[in-house]
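# based on what follows, work out the 3D shape:
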Amino acid sequence: MTQTFQLTGRCLCSAVEFSFENKNLDHPSACHCGQCRQWSGHVWATVNIPLAALTFGKGEADIKWHRASDFARRGFCGTCGSSLFWHADGLEKHKDQIAVALGALKAPTGIKLEEHIFVADKGDYYDIADGLPQKNNN
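Prediction:
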């Protein structure tokens, strides 16, 4: 049985701090779509958690949201610009989940990527060679 513990994360400047338990984690993946690469500067690695499980130690009001599409928004720190969240609030089946940036989490996380998604859109400057499944769409 896996031990339950709190995972904590923050933006670069520490204006936003958040946490959630390491249970009900879903779909740790690396997204290679053009939007995610522009958003993060490279590959966007996240894990989905229940939206209700996300709590803020500070800075919730500092989060700014960018409407990236008709069905999703991207959350970032309004002070330093760190990319933190992706929320498909316009999709009924996903609106109760939020994707949290793995790079914002304090180690150790115990989380391992399971797959790469939208690899048909990946940048031409890198290869994916870790042996994980690669999907062209989600």
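
# got any ranges where this protein has weak pLDDT?
Counting by pLDDT under 70, the chain contains low-confidence ranges at 1-2, 138.

# ok, which stretches of it are helices?
Assigned by DSSP state H, the chain shows helices spanning 34-40.

# for it, which segments count as strands?
Assigned by DSSP state E, the strands in the chain fall at 6-10, 17-21, 26-31, 44-50, 55-58, 63-67, 73-77, 83-87, 97-101, 115-117.

# now for these, which one comes closest to Asn137?
Asn137 lies closest to strand 115-117 among the strands of the chain, at 7.4 Å (C-beta to C-beta). (C-beta placed from N, C-alpha, C; glycine too.)

# who does that closest one touch, helix- and strand-wise?
Secondary-structure packing of strand 115-117 (3 or more C-beta pairs under 8 Å, 6 or more residues apart in numbering; DSSP states H and E): strand 26-31.

# before we move on, the earlier item: make TSV out of the strands of the chain and add mean neighbour count and distance to Gly123.
Listed next are these as TSV, based on neighbours: other C-beta atoms under 10 Å; distance: least, C-beta to C-beta, whole Å:
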stretch	mean neighbour count	distance to Gly123
strand 6-10	18	25
strand 17-21	18	29
strand 26-31	19	12
strand 44-50	21	12
strand 55-58	13	33
strand 63-67	13	21
strand 73-77	20	19
strand 83-87	23	16
strand 97-101	24	18
strand 115-117	19	12
